[in-house]
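*Asks:* turn this into a model:
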Amino acid sequence: SNSSHTLKLVHASGSTVDIDALEVIGPDTTEPRTISDLLASSGNANGTVALSWTAPGDDGSTGTASSYQVRYSSSAISDVTAWNAATVVSAGIPTPQVAESSESMIVGSLTPGDTYYFAVRAEDDATNLGGYQIAPAR
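*Replies:* Next up is the predicted model:
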(Lines give C-alpha, C1' and ligand atoms only; values in the text may rest on other atoms or scores of the structure.)
Protein backbone atom coordinates (compact mmCIF):
# COMPACT_ATOMS: atom_id res chain seq x y z
CA SER A 1 0.00 0.00 0.00
CA ASN A 2 1.04 3.65 -0.28
CA SER A 3 1.98 4.12 3.36
CA SER A 4 5.02 3.79 5.59
CA HIS A 5 6.33 0.32 6.31
CA THR A 6 9.09 -0.99 8.53
CA LEU A 7 11.39 -3.70 7.25
CA LYS A 8 13.74 -5.47 9.65
CA LEU A 9 16.42 -7.74 8.25
CA VAL A 10 18.48 -9.85 10.61
CA HIS A 11 21.27 -12.18 9.57
CA ALA A 12 20.80 -15.78 10.72
CA SER A 13 23.69 -15.26 13.15
CA GLY A 14 21.88 -12.31 14.71
CA SER A 15 24.36 -9.73 13.45
CA THR A 16 23.45 -6.53 11.57
CA VAL A 17 22.79 -6.58 7.83
CA ASP A 18 23.89 -3.60 5.71
CA ILE A 19 21.80 -2.79 2.63
CA ASP A 20 22.80 -0.15 0.11
CA ALA A 21 19.46 0.08 -1.67
CA LEU A 22 16.02 -1.43 -1.63
CA GLU A 23 13.48 -1.14 -4.42
CA VAL A 24 9.84 -1.87 -3.72
CA ILE A 25 7.79 -2.70 -6.78
CA GLY A 26 4.02 -2.50 -6.67
CA PRO A 27 1.64 -5.05 -8.08
CA ASP A 28 1.58 -5.64 -11.83
CA THR A 29 -1.74 -4.30 -13.05
CA THR A 30 -0.79 -3.88 -16.72
CA GLU A 31 -2.33 -6.58 -18.88
CA PRO A 32 -0.76 -7.97 -22.04
CA ARG A 33 -1.74 -6.27 -25.29
CA THR A 34 -4.86 -7.62 -27.00
CA ILE A 35 -3.98 -9.92 -29.89
CA SER A 36 -5.45 -7.95 -32.78
CA ASP A 37 -4.25 -9.94 -35.80
CA LEU A 38 -5.50 -13.46 -35.04
CA LEU A 39 -5.95 -15.44 -38.27
CA ALA A 40 -7.64 -18.82 -38.63
CA SER A 41 -7.38 -20.96 -41.74
CA SER A 42 -7.98 -24.57 -42.73
CA GLY A 43 -5.24 -26.85 -41.50
CA ASN A 44 -3.41 -29.35 -43.69
CA ALA A 45 -5.24 -32.32 -42.13
CA ASN A 46 -8.99 -32.92 -42.09
CA GLY A 47 -10.62 -31.45 -38.97
CA THR A 48 -7.79 -29.03 -38.17
CA VAL A 49 -7.48 -25.25 -38.13
CA ALA A 50 -4.22 -23.29 -38.25
CA LEU A 51 -4.08 -20.21 -36.01
CA SER A 52 -1.47 -17.46 -36.29
CA TRP A 53 -0.91 -14.12 -34.54
CA THR A 54 1.74 -11.68 -33.39
CA ALA A 55 2.96 -12.14 -29.83
CA PRO A 56 1.91 -9.39 -27.41
CA GLY A 57 4.11 -8.37 -24.50
CA ASP A 58 3.84 -9.01 -20.79
CA ASP A 59 2.98 -5.36 -20.10
CA GLY A 60 1.15 -4.07 -23.14
CA SER A 61 3.53 -4.42 -26.06
CA THR A 62 6.77 -4.93 -24.14
CA GLY A 63 8.38 -8.04 -22.70
CA THR A 64 7.14 -11.60 -22.99
CA ALA A 65 3.77 -12.94 -21.84
CA SER A 66 3.75 -16.04 -19.62
CA SER A 67 1.16 -18.15 -21.44
CA TYR A 68 -1.73 -18.19 -23.88
CA GLN A 69 -5.31 -19.24 -23.36
CA VAL A 70 -7.02 -20.53 -26.51
CA ARG A 71 -10.73 -21.28 -26.89
CA TYR A 72 -13.22 -21.99 -29.64
CA SER A 73 -16.99 -22.04 -30.03
CA SER A 74 -19.65 -22.59 -32.67
CA SER A 75 -20.86 -19.04 -31.97
CA ALA A 76 -18.96 -15.75 -31.74
CA ILE A 77 -16.90 -15.21 -28.60
CA SER A 78 -18.03 -11.63 -28.09
CA ASP A 79 -18.03 -11.18 -24.32
CA VAL A 80 -16.80 -12.75 -21.09
CA THR A 81 -19.84 -15.04 -20.85
CA ALA A 82 -19.15 -16.45 -24.31
CA TRP A 83 -15.42 -16.72 -23.48
CA ASN A 84 -16.18 -18.71 -20.33
CA ALA A 85 -18.59 -21.01 -22.21
CA ALA A 86 -16.17 -21.69 -25.09
CA THR A 87 -14.23 -24.94 -25.40
CA VAL A 88 -10.74 -24.74 -23.88
CA VAL A 89 -7.85 -25.84 -26.10
CA SER A 90 -5.20 -27.54 -23.99
CA ALA A 91 -2.85 -29.11 -26.53
CA GLY A 92 -0.35 -27.57 -28.92
CA ILE A 93 -0.39 -24.07 -27.39
CA PRO A 94 2.97 -22.39 -28.00
CA THR A 95 5.09 -20.89 -25.26
CA PRO A 96 4.96 -17.12 -25.77
CA GLN A 97 7.88 -15.48 -27.50
CA VAL A 98 9.08 -11.90 -27.06
CA ALA A 99 6.61 -9.23 -28.20
CA GLU A 100 6.18 -8.83 -31.98
CA SER A 101 7.31 -12.40 -32.76
CA SER A 102 5.17 -14.63 -34.97
CA GLU A 103 3.12 -17.30 -33.20
CA SER A 104 1.19 -20.22 -34.66
CA MET A 105 -0.51 -23.45 -33.68
CA ILE A 106 -2.81 -26.16 -35.01
CA VAL A 107 -6.14 -26.99 -33.36
CA GLY A 108 -7.43 -30.48 -34.13
CA SER A 109 -10.39 -32.76 -33.44
CA LEU A 110 -12.84 -30.41 -35.17
CA THR A 111 -15.78 -31.45 -37.35
CA PRO A 112 -15.03 -30.73 -41.02
CA GLY A 113 -17.52 -28.29 -42.58
CA ASP A 114 -18.60 -26.75 -39.27
CA THR A 115 -17.90 -23.09 -38.49
CA TYR A 116 -15.83 -22.33 -35.41
CA TYR A 117 -14.84 -19.06 -33.75
CA PHE A 118 -11.43 -18.88 -32.10
CA ALA A 119 -10.05 -16.51 -29.49
CA VAL A 120 -6.56 -16.28 -28.02
CA ARG A 121 -5.63 -14.29 -24.93
CA ALA A 122 -2.20 -13.71 -23.46
CA GLU A 123 -1.64 -14.03 -19.72
CA ASP A 124 1.25 -12.47 -17.80
CA ASP A 125 3.08 -13.65 -14.69
CA ALA A 126 0.64 -11.72 -12.46
CA THR A 127 -2.33 -13.55 -14.11
CA ASN A 128 -3.49 -10.39 -15.93
CA LEU A 129 -5.32 -11.43 -19.12
CA GLY A 130 -5.16 -9.46 -22.32
CA GLY A 131 -8.30 -8.82 -24.32
CA TYR A 132 -9.43 -11.08 -27.13
CA GLN A 133 -10.27 -10.81 -30.79
CA ILE A 134 -12.21 -13.58 -32.51
CA ALA A 135 -11.31 -15.23 -35.76
CA PRO A 136 -13.92 -17.37 -37.57
CA ALA A 137 -12.82 -20.49 -39.41
CA ARG A 138 -14.85 -22.88 -41.55
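*Asks:* for residue 43, list the residues it contacts.
*Replies:* Residues in contact with residue 43 (CB atoms under 8 Å, 6 or more residues apart in numbering) are 49-50, 106-108. For the C-beta atoms, the positions are set from N, CA and C on the backbone; glycine is no exception.
*Asks:* setting aside sequence-adjacent positions, which residue approaches it most closely?
*Replies:* Among residues not flanking residue 43 along the chain, residue 50 sits closest, at 4.8 Å (CB to CB, 6 or more residues apart in numbering).
*Asks:* contact partners of the helix or strand containing that neighbour?
*Replies:* In the assignment (DSSP states H and E), residue 50 maps to strand 49-54. With contact meaning CB under 8 Å, 6+ apart, strand 49-54 is reached by 35, 37-44, 70, 72, 100-107, 110, 116, 118, 120, 135, 137.
*Asks:* from these, list just the buried residues.
*Replies:* 35, 38, 40, 43, 70, 72, 103, 105, 107, 110, 116, 118, 120, 135, 137 (16 or more other CB atoms under 10 Å).
*Asks:* could the contacts of residue 43 be laid out in CSV, adding distance to residue 92?
*Replies:* Shown next, in CSV, are the contacts of residue 43 (distance: CB to CB, whole Å):
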residue, distance to residue 92
49, 11
50, 11
106, 6
107, 7
108, 8
